[in-house]
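Novice: coordinates only, no sequence provided:
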RNA sequence: CGGGGUUUAGCGCAGUUGGUAGCGCGCUACGUUCGGGACGUAGAGGUCGGGCGUUCGAGUCGCCUAACCCCGACCA
């Protein structure tokens, strides 16, 4: 396999660089099933860290976990017109429930006798089966709100797949809430968008733009889709999480009503929101360099790796004795430490290996250090090494991890700032979009104009940002009035 | 579904006018090494994606087929 170093992030080989990084860092590999991936233990450990933090945040905002079926009757999907139109083209369908031996020779065939009366869809998302269930759960305003989240896998038969960013099967969480009033549901959708932004920025160290999607980009069946958009190192945008205000669409489709305080039936107001293993892709493409993965300390399965440098068992014993108290101290601080004393790999190999895996801090300790009472510390984000006294190293590492977390965020934020520009004419837009990055421009608010821009430049409106310049202007294409600038970019 | 490409050892690849299957990495054993992906020696490992054909003979030529990758359209 070619070395990662042969590829550079912002080149045309970005895809190849990304794929190779995923494989070399031992995160995932292509599975035998089309468009699916195997998430390997190290990659899954990162996902588990993400899950853990997100789940805590969901519970802090009053949500509970539940689980709904994988298979959805076909008729459910067609109950909401926009929803079925959005997903129909990418559904895997279960048609039979039995195999039998092939009468014409070896192997098995689908038993034609075992055809299902109604086909089942492998969930591409769970709104329909959940709202079919909520119908039974909701009678009175006293049953509301329902604040439920599910951790699950879903399947979308995408034309083209890419590891973590768009696999046929992916892991995610989907929150589905039911409320008595429009205001409450809208608040919920915004609240969860803020949870996602908080998680992206403070744990993943990925700065995001919060905003609302244009009608073209809206979730199938939603009245409003809120989004967090991140910028990758090649200047393309990645939709990293979405929160939808569903209005009463699903309540009407599944006839979910409640008796309000005036004893009048009303349709329930809904939201749904989700983030997926795509976040792993965002994490990789935001921070990594040509030496491999770079992980923010708060999500790194191993925060500190210690590599002893020794020639024989006596050397190792002396090093272990010196470092044991440090390991204890670090663990007491809640820092995850790996002491890699394996004698079947050389130190240089270990250095390179943990670098590819993105371990934030590495300590190296050999005979020379024992004599001097020192240890060598390397930061993965800057690749800088310094030799420090072993006394007080645990406190130093604690601060260093915090610093890495912050500087990763700041670096990514600076990158985004450097690649975000404002343009006022369509000519300039067409020219600048080739450089990648975000372009802040005025738009007349019509789907037709957005469609034209997309066809001509491959750029889409990533969102109408909440924060930012609210100065009105005129659409760069049609010259019609525009309330504010919106974010344009090419996207994954 | 359009356009391009690939398929030969676990991985990455070479294979000339058709003539008994190769290289690098990795793997196994032993030895020397061990402060940035060590080196030497000796090994193991492939019905060349599948099928049909041409031929005395096919990895190589022809036809069919499948899978995968990349670029589009679709999408979290």
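Specialist: Done, it's in. Source: prediction; values computed, not measured.
Novice: which parts of the stretch 301-450 of chain A sit against RNA strand B?
Specialist: A:309-312, A:343, A:346-349, A:351-353, A:355-356, A:362, A:364-370, A:376, A:378, A:383, A:385 (CB under 7 Å from any atom of the strand). Every residue, glycine included, has its C-beta placed from N, CA and C.
Novice: low pLDDT regions in chain A?
Specialist: Across chain A, the ranges flagged by pLDDT under 70 are A:1-13, A:104-107.
Novice: got the domain boundaries for it?
Specialist: Under the assignment automatic domain parsing, the domains of chain A span A:4-76+A:126-287, A:297-403, A:420-489.
Novice: okay, which residue is most central for chain A?
Specialist: Taking CA atoms, centre = their mean as the criterion, residue A:279 is the residue nearest the geometric centre of chain A, at 1.5 Å.
Novice: just to be sure, that one is in a strand?
Specialist: No - following the definition DSSP: H, G, I helix; E, B strand; the rest coil, residue A:279 is helix and is not counted among the residues of a strand.
Novice: now it: how far from residue A:210?
Specialist: Distance check for residue A:279 against residue A:210: by CB to CB, to the nearest Å, it reads 16 Å.
Novice: can you check residue A:285 too?
Specialist: Counting by CB to CB, the gap between residue A:285 and residue A:210 amounts to 20 Å.
Novice: looking at the two, which is more packed in?
Specialist: A count of neighbours by other CB atoms under 10 Å puts residue A:285 above the other of residue A:285 and residue A:210, at 24 against 21.
Novice: helix/strand/coil for the more buried one?
Specialist: Three-state secondary structure (criterion: three-state DSSP) places residue A:285 in helix.
Novice: nearest residue to it in space, please, no chain neighbours.
Specialist: Beyond its immediate neighbours in the sequence, the residue positioned closest to residue A:285 (CB to CB, 6 or more residues apart in numbering) is residue A:232, lying 4.1 Å away.
Novice: which parts of chain A are helices?
Specialist: In chain A, the segments counted as helices under DSSP state H are A:14-24, A:41-60, A:74-77, A:81-87, A:127-137, A:182-202, A:249-253, A:278-287, A:313-332, A:347-357, A:367-372, A:393-418, A:426-432, A:447-457.
Novice: contacting residues around residue A:423?
Specialist: Residue A:423 sits next to A:429, A:432, A:439-441, A:476 when contact means CB atoms under 8 Å, 6 or more residues apart in numbering.
Novice: how close does it sit to residue A:433?
Specialist: Taken as CB to CB, the spacing of residue A:423 relative to residue A:433 amounts to 9 Å.
Novice: hey, what's in contact with both of these two?
Specialist: By CB under 8 Å, 6+ apart, the residues touching both residue A:423 and residue A:433 are residue A:439.
Novice: ok, now how distant is residue A:109 from residue A:34?
Specialist: Taking CB to CB as the measure, residue A:109 falls 20 Å from residue A:34.
Novice: so what's the residue count around the residue in the stretch 101-250 of chain A positioned nearest to RNA strand B?
Specialist: Residue of the stretch 101-250 of chain A nearest RNA strand B, by CB to the nearest atom of the strand: residue A:159 (2.7 Å). Counted with other CB under 10 Å, the burial measure for residue A:159 works out to 8 neighbours.
Novice: please apply the same query to residue A:23.
Specialist: Neighbour count of residue A:23, defined by other CB under 10 Å: 16.
Novice: what bridges to the nearest residue in space to it that is not next to it in sequence?
Specialist: Nearest in space to residue A:23, with sequence neighbours left out and distances taken as CB to CB, 6+ apart, is residue A:29 at 6.0 Å. Taking DSSP bridges, one finds residue A:38 as the beta-bridge partners of residue A:29.
Novice: my guess is residue A:29 meets residue A:41, correct?
Specialist: No - taking contacts as CB atoms under 8 Å, residue A:29 lies outside contact range of residue A:41: 11.8 Å.
Novice: give me phi/psi at residue A:443?
Specialist: In terms of degrees, to the nearest 10, the main-chain angles of residue A:443 are phi -140, psi 140.
Novice: list the contacts of it.
Specialist: Contact partners of residue A:443, counting by CB under 8 Å, 6+ apart, are A:214, A:449-450, A:453, A:461, A:475-477, A:482, A:486, A:488.
Novice: follow-up on the earlier one: any idea how far the residue nearest to residue A:285 lies from residue A:416?
Specialist: Here the criterion is CB to CB. By it, residue A:232 lies 10 Å from residue A:416.
Novice: between the two, who's got more neighbours?
Specialist: Taking other CB under 10 Å, residue A:232 and residue A:416 do not tie; residue A:232 has more neighbours (26 against 20).
Novice: got the phi and psi for the more buried one?
Specialist: Main-chain torsions, residue A:232, degrees, to the nearest 10: phi -90, psi 170.
Novice: pretty sure it contacts residue A:489?
Specialist: No - proximity of residue A:232 to residue A:489 does not meet the contact threshold set by CB under 8 Å, at 9.8 Å.
Novice: OK, contacts around residue A:484?
Specialist: Residue A:484 makes contact with A:442, A:464-465, A:468-472, according to CB under 8 Å, 6+ apart.
Novice: at 10 Å what do you get?
Specialist: Contact partners of residue A:484, counting by CB atoms under 10 Å, 6 or more residues apart in numbering, are A:440, A:442-443, A:464-465, A:468-473.
Novice: cool, residue A:410 as well?
Specialist: Contacts for residue A:410 were tallied using CB under 10 Å, 6+ apart; they are A:205, A:207.
Novice: look up how far RNA strand B lies from it.
Specialist: Computed as CB to the nearest atom of the strand, to the nearest Å, the residue A:410 to RNA strand B distance reads 23 Å.
Novice: again with residue A:44
Specialist: Spatial separation of residue A:44 from RNA strand B under the definition CB to the nearest atom of the strand is 16 Å.
Novice: what is the neighbour count of that residue?
Specialist: The local packing count at residue A:44 equals 18, with neighbours defined by other CB under 10 Å.
Novice: touching, it and residue A:37? I think so.
Specialist: No - using CB atoms under 10 Å, residue A:44 makes no contact with residue A:37, being 11.2 Å away.
Novice: overlap in contacts of the two?
Specialist: Shared contacts of residue A:44 and residue A:37, counting by CB under 10 Å, 6+ apart, come down to A:27-28, A:277.
Novice: what's the closest of these to RNA strand B?
Specialist: RNA strand B lies nearest to residue A:277 out of the shared contacts of residue A:44 and residue A:37, by CB to the nearest atom of the strand, at 6.1 Å.
Novice: so which of the domains of chain A comes closest to residue A:89?
Specialist: domain A:4-76+A:126-287 (8.1 Å; CB to CB).
Novice: check the offset of the closest one from the chain's centre.
Specialist: Here the centre of domain A:4-76+A:126-287 is set off from its chain's centre by 8 Å, with CA atoms, centre = their mean, to the nearest Å.
Novice: now do stretch A:96-114
Specialist: Taking the mean of its C-alpha atoms, stretch A:96-114 sits 40 Å from the chain's own mean (CA atoms, centre = their mean).
Novice: who touches it?
Specialist: The contact list for stretch A:96-114 (CB under 10 Å, 6+ apart) reads A:95, A:115-116, A:119-120.
Novice: filter those residues down to just the buried residues.
Specialist: A:119-120 (16 or more other CB atoms under 10 Å).
Novice: looking at the contacts of stretch A:96-114, which is nearest residue A:76?
Specialist: Each of the contacts of stretch A:96-114 was scored against residue A:76 by CB to CB, and residue A:120 proved nearest at 9.7 Å.
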